[in-house]
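A.B. asks: Structure, please.
(4 chains)
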4 protein chains.
Amino acid sequence: MPKTIKKVGVLTSGGDSPGMNAAIRSVVRTCAYHNIECIGIYRGYQGMIEGDFKEMGPRSVNNIVNKGGTILKSARSSEFRTPEGREKAHEHLVKAGIDALVVIGGDGTFTGGLLFNSEFDFPVMGIPGTIDNDIFGTSHTLGYDTALNTVVDVIDKIRDTASSHNRLFFVEVMGRDAGHIALNAGIGAGAEEILIPEEDLGLERLLESLQKSKASGKSSSIVVIAEGDKIGKNVFELKDYVEANLPEYDVRVSVLGHMQRGGSPSCFDRVLASRLGVKAVESLLEGKSSYMVGLQSDKVVLTPLEQAIKGKTEIDRELLRVSDIMST
Amino acid sequence: MPKTIKKVGVLTSGGDSPGMNAAIRSVVRTCAYHNIECIGIYRGYQGMIEGDFKEMGPRSVNNIVNKGGTILKSARSSEFRTPEGREKAHEHLVKAGIDALVVIGGDGTFTGGLLFNSEFDFPVMGIPGTIDNDIFGTSHTLGYDTALNTVVDVIDKIRDTASSHNRLFFVEVMGRDAGHIALNAGIGAGAEEILIPEEDLGLERLLESLQKSKASGKSSSIVVIAEGDKIGKNVFELKDYVEANLPEYDVRVSVLGHMQRGGSPSCFDRVLASRLGVKAVESLLEGKSSYMVGLQSDKVVLTPLEQAIKGKTEIDRELLRVSDIMST
Amino acid sequence: MPKTIKKVGVLTSGGDSPGMNAAIRSVVRTCAYHNIECIGIYRGYQGMIEGDFKEMGPRSVNNIVNKGGTILKSARSSEFRTPEGREKAHEHLVKAGIDALVVIGGDGTFTGGLLFNSEFDFPVMGIPGTIDNDIFGTSHTLGYDTALNTVVDVIDKIRDTASSHNRLFFVEVMGRDAGHIALNAGIGAGAEEILIPEEDLGLERLLESLQKSKASGKSSSIVVIAEGDKIGKNVFELKDYVEANLPEYDVRVSVLGHMQRGGSPSCFDRVLASRLGVKAVESLLEGKSSYMVGLQSDKVVLTPLEQAIKGKTEIDRELLRVSDIMST
Amino acid sequence: MPKTIKKVGVLTSGGDSPGMNAAIRSVVRTCAYHNIECIGIYRGYQGMIEGDFKEMGPRSVNNIVNKGGTILKSARSSEFRTPEGREKAHEHLVKAGIDALVVIGGDGTFTGGLLFNSEFDFPVMGIPGTIDNDIFGTSHTLGYDTALNTVVDVIDKIRDTASSHNRLFFVEVMGRDAGHIALNAGIGAGAEEILIPEEDLGLERLLESLQKSKASGKSSSIVVIAEGDKIGKNVFELKDYVEANLPEYDVRVSVLGHMQRGGSPSCFDRVLASRLGVKAVESLLEGKSSYMVGLQSDKVVLTPLEQAIKGKTEIDRELLRVSDIMST
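C.D. replies: Numbers count the residues shown, from 1 in each chain, chains lettered A, B, ... in the order given. Model prediction:
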């Protein structure tokens, strides 16, 4: 029989994403709603090792539902990868009377949480927070929807100047291993081509596509490229390649970078964060552990952390077809 | 055996919503992709009656994926409710060689389309475009996600001034029959209470909730109210009622109104519009008729128009609980 | 010879406006830069009466330059209008060792500050913070530029739906006594007519203008109306009047209300706030008192508070002509 | 005595900027208001050489006041630098009956216009359109205010993630020869240091400043760098230098690039564009030529094109001090 949970610790770890604050708020308020205590742990697992804790009540999280970043800060901790580090972290939790954890982050965050759970039999629930949407077991990670809106807003601006000058732009977006941002924001922004890690389009096809685009009378072209696209060239090499092969094109490059991680979360991400926080805390209270809370078919569900870590998300291949048709 | 489709007409009807232009673009380009012609019909069914048509090629829809409103205009047509009106409309379609229709709009649009189909055996496909998200058979209607973001952005602004003055605001949002906008935007904006048509919260509970909010030390309160909420008072009467019963509150009212229908569509709505447009046209080409294309569990599916019209969407009651917990 | 200033109090009072936080930050950091202390006074003059003070160092104002509202809160204080109230306030200042004040707000704020100065010979500097831009001695008040952007953004959204339906919208914006917002945002949003308190356009001319607009083939019309316009009808009465006289028009009304006070300040307002805060503190350190810092011809200048209160700002009549020409 | 102007040509040239469409709209409608014709010339001087013209009436410019980019397109024309090119252009103008020009752009645009005027005695008026604000004779160029807002919005997003991770970001903004964007957006975004072309801050001082920032307990730091800053290193070399000298810092780089040129213009830029367009056309009608219309002390004034080209704009050195104080 699981011991009763009386005090929950919450932390954010890894790359931050919009909606993390809304998730923290949800965890804190769900604890208060159920009359249990909540402790904020600063700077992820590193702060756990250092005992960098703060009591949080419902008023500690006023007016953060709409703020980007994370008020608990995030960090990567190499010390937590050592048994000594985790031992120290455990001691701090015990000393503070914390008897369960909600960890908000991505794969690395969940791996740490699962290991911690297995070593100390400590209840842990994960909330998927990353803009890349590359977590198995949830259709949407926190921050992904916001990042898509940020990217299309920026490409809309680039389109203004591209159209005025009949120019070709290569826009690099985040996604080392996953093309979700590139594929969806590319369709949303009306990109002529989209290069993603999951698919090797081939350089020949890119050239053909650009030639066709020119021939069809388009006044400008945008190619959206995920950081980790399969084509084997970085965005600047790609520019050189295209200019060498299609001299009629004057290519401009824009690397969007970290701005994609920030900004006020979209309504979708705020609601998702609120729902996931409730489910994470209430699952702990029901005695569950080592699950990730996520969204599937618009419903909040649990996935074992182990599966969430090992599973692989797939892009929706229908979208590749839609992208093709849209660039007619 | 269905006759071959060679020319598709597309129109927008009823209240406009963000993403309608992206859907028009998708219909036009999917036609071009399959080498069939596409005709834009202006001002919905009224323009059909008047033969207000325009040929559209892939370049006709350049740079509209990110524009609010509808380039084809929308209108309500009382003439189309008469057999004579529909007869005229049919003659214009035949004369123009149009042999299938994609109609973008809500319940009324679909009812008109279905009637037209039954009278003239004319292939019709519907795309759900309305910010209210009150169409059966799709988890999301075009424009709904954008409207949610518009509403939370505005309430964030109102919250700034509410917090500075420790004030209570009543914010009325769209939704005569459906509380989707109020419920989701209310959670997203951190509303203390949310009043919706599906649920009679009761005036007593509203007063209690506001008193509890004050006692808990909140610096400001926002109550989000759907136009058609069940509580039986309009937003100004509600203000009077609360001020009479809770004299410590100085209530301000904000009616958001039509701004909720406009604005550049979110990435989600642009991608959804692109997907639905492809499916609508390709379903017609496969000989299907009288369906609505929609989204279920993140997949594009067909629902018979008849069901889409008669079916009733339900709010997700989990969200009522989440809202309650969030206002702790 | 003026006594040396060692501790400055800062408060915000009256209606809040975007940029107030940036001004607080500037006052706090300018004090730190000159090695003097700074005390934040909560809720304007009311907090001064109650001794609701907080020490502020440069890190107290981290990450607020871009936040709407005011972290010091604002309030209107009837008690401060009594000699007893001001006496109490003075005692609290003396007790806390505060020897000068920076007050951020509008006319009422400055009137209070000037009275306080005359009664207790207490150094006071004013910073103009109001979205209405109705303060004499400065071309721009804090928040005005942000409010203009908020208003045009919203009207752009309304225009989307107005164009789709060929509709006429009446949009009411803030400005009981001053037409600055209506006039500038009206031009910026492409309004057909603009009604302001400074000018009685006449109902006849409004009807003529709307008829001309219809005749000229415009697909939609927006009329921007300041709260305090001279035409002697509120926006709903005006709707009835126009619909009675021009039955071809179906008028929609949108009252923008308090959202105009909120939101992240524009770059202009942030820079202005930073400049005014520096000048306010440094002027106090130079022994000056009872001035308002403001902007004239892009330079920061001082205006005696007495003049700032009594003087009247004028709209730029060139803009009335520009508006006329733009609605051709 | 000047000949009567009956038909005005308008073009945009050089780098595009937000507000150019609003200026085109203003030129077109001012012409209509005065019952003279207006011809849009596509792709700047190149389109003039090719006779790529289009008649424009007041309805041609509906709904563009809020659109980024330029509907007339822009281009750089090497052919216009040859006497033959200008001869061709002149022939096209004469043939089309155009008897005066409004050219919207920057220094290069004005140089071309002035040369054309001197060779053919052809009336020309210039409107300053560039985001860099580096034109003598006007306090603000079209697009500058919008670009500032775009930059602070993006840096706000970067700040979210920087704060979450206690990171240092170098953000490169536009400005090869002018530090206006860097200086104002840097203050607006709360940058710790700002590097501009007009001032050699020195690498030593940058290191000191960053060390001081760390010591003062700041949770993150942003350094804003103009493309053409004097420090003699590009932003990536600067990153390497700082990391070599301050190993405690993990520097991230963000190059904002062309997005700064796009986007819906701010209210300020829309109003400015409207005012400048009116003045440009009406000055031509008064028989004036070879002036730039601009803003000085909030008033629209004329500056001889020759001065506008030769004059040098200065940054406001007060802002350097304000920036210093703000980073306390």
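A.B. asks: On the three-state scheme, the residue in the stretch 201-328 of chain A positioned nearest to chain C is what?
C.D. replies: For the stretch 201-328 of chain A and chain C, the shortest gap (C-beta to the nearest C-beta) falls at A:Ser264, measuring 8.8 Å. Bear in mind the C-beta positions are built from the backbone N, C-alpha and C, glycine included. Here A:Ser264 is coil, with the state taken from DSSP: H, G, I helix; E, B strand; the rest coil.
A.B. asks: residues touching it, list them.
C.D. replies: Contact criterion C-beta atoms under 8 Å, 6 or more residues apart in numbering or on different chains gives A:Pro18, A:Asn66, A:Lys67, A:Gly68, A:Thr146, B:Asp153, B:Asp156 as the residues in contact with A:Ser264.
A.B. asks: go on, A:Thr12?
C.D. replies: Contacts of A:Thr12 were listed using C-beta under 8 Å, 6+ apart, and they are A:Met20, A:Ile24, A:Gly44, A:Thr70, A:Leu72, A:Lys73, A:Ser74, A:Ile104, A:Gly105, A:Gly129, D:Ser164.
A.B. asks: Compile those residues into TSV and extend it with columns for distance to chain C, neighbour count and secondary structure.
C.D. replies: Formatted as TSV, these follow (distance: C-beta to the nearest C-beta, whole Å; neighbours: other C-beta atoms under 10 Å in any protein chain shown; DSSP: H, G, I helix; E, B strand; the rest coil):
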residue	distance to chain C	neighbour count	secondary structure
A:Met20	16	31	helix
A:Ile24	16	29	helix
A:Gly44	20	27	helix
A:Thr70	13	30	coil
A:Leu72	15	24	coil
A:Lys73	13	24	coil
A:Ser74	16	28	coil
A:Ile104	20	33	strand
A:Gly105	22	31	strand
A:Gly129	20	31	strand
D:Ser164	11	27	helix
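A.B. asks: Could you report the neighbour count for the residue in the stretch 201-328 of chain A that chain D sits nearest to?
C.D. replies: Using C-beta to the nearest C-beta, the closest approach of the stretch 201-328 of chain A to chain D is made by A:Gly262 at 3.2 Å. Counted with other C-beta atoms under 10 Å in any protein chain shown, the burial measure for A:Gly262 works out to 29 neighbours.
A.B. asks: need the helices for the stretch 101-250 of chain A, in chain order.
C.D. replies: For the stretch 101-250 of chain A, applying DSSP state H, counting those that start in this stretch gives helices covering A:107-120, A:144-165, A:180-188, A:203-215, A:235-245.
A.B. asks: Now the closest residue to chain B within the stretch 1-150 of chain A. Nearest residue, chain neighbours left out?
C.D. replies: Ranking the residues of the stretch 1-150 of chain A by distance to chain B (C-beta to the nearest C-beta) places A:Leu148 first, at 3.8 Å. Here the nearest residue to A:Leu148 in space, its sequence neighbours aside, is B:Cys267; by C-beta to C-beta, 6 or more residues apart in numbering or on different chains that works out to 3.8 Å.
A.B. asks: Check the burial of that neighbour by counting its neighbours.
C.D. replies: Here the count is done by other C-beta under 10 Å, and B:Cys267 has 28 residues near it.
A.B. asks: What are the phi and psi values at it?
C.D. replies: Dihedral angles of B:Cys267 (phi, psi; degrees, to the nearest 10) stand at phi -60, psi -40.
A.B. asks: How confident was the prediction at the closest residue to A:Pro83 other than its chain neighbours?
C.D. replies: Counting by C-beta to C-beta, 6+ apart, the nearest residue to A:Pro83 once its immediate chain neighbours are dropped is A:Glu119, at 7.7 Å. pLDDT, A:Glu119: 97.
A.B. asks: got the residues of the stretch 1-150 of chain A near chain D?
C.D. replies: A:12, A:15-16, A:18, A:20, A:67-70, A:73-75, A:150 (C-beta under 8 Å from any C-beta of the partner chain).
A.B. asks: wait, doesn't the residue of the stretch 1-150 of chain A closest to chain B sit right on B:Phe268?
C.D. replies: Yes. Applying C-beta atoms under 8 Å, one finds A:Leu148 in contact with B:Phe268, separated by 7.0 Å.
A.B. asks: In terms of neighbours, single out the busier of these two.
C.D. replies: Each of A:Leu148 and B:Phe268 has its neighbours counted (other C-beta under 10 Å); A:Leu148 has more, 29 against 24.
A.B. asks: what's near enough to touch the more buried one?
C.D. replies: With C-beta under 8 Å, 6+ apart as the criterion, the residues that contact A:Leu148 are A:Ile181, A:Asn184, A:Ala185, A:Gly188, B:Ser266, B:Cys267, B:Phe268.
A.B. asks: which of these are the two that sit furthest away from each other?
C.D. replies: With distances taken as C-beta to C-beta, the most widely separated pair in the contacts of A:Leu148 is A:Ile181 and B:Ser266, at 14.3 Å.
A.B. asks: beta partners of the spatially closest residue to A:Ala96 that is not a sequence neighbour?
C.D. replies: Setting aside the residues directly before and after it, A:Ala96 is nearest to A:Phe53 in space (C-beta to C-beta, 6+ apart), at 5.6 Å. Beta-bridge partners of A:Phe53, counted by DSSP bridges, are A:Ile41.
A.B. asks: okay, now A:Phe53: neighbour count?
C.D. replies: 19.
A.B. asks: Distance check, it against A:Ser74.
C.D. replies: Between A:Phe53 and A:Ser74 the distance, using C-beta to C-beta, to the nearest Å, works out to 16 Å.
A.B. asks: what's the answer for A:Ile181, then?
C.D. replies: A:Ile181 sits 19 Å away from A:Ser74 when distances are taken as C-beta to C-beta.
A.B. asks: Please name the residues that touch the closest residue to A:Asp134 other than its chain neighbours.
C.D. replies: The spatially closest residue to A:Asp134, leaving aside those adjacent along the chain, is A:Ala178, at 3.8 Å (C-beta to C-beta, 6+ apart). With contacts defined as C-beta under 8 Å, 6+ apart, the neighbours of A:Ala178 are A:Asp132, A:Asn133, A:Asp134, A:Pro197, A:Glu198, A:Ala226, A:Gly228, A:Thr313, A:Ile315.
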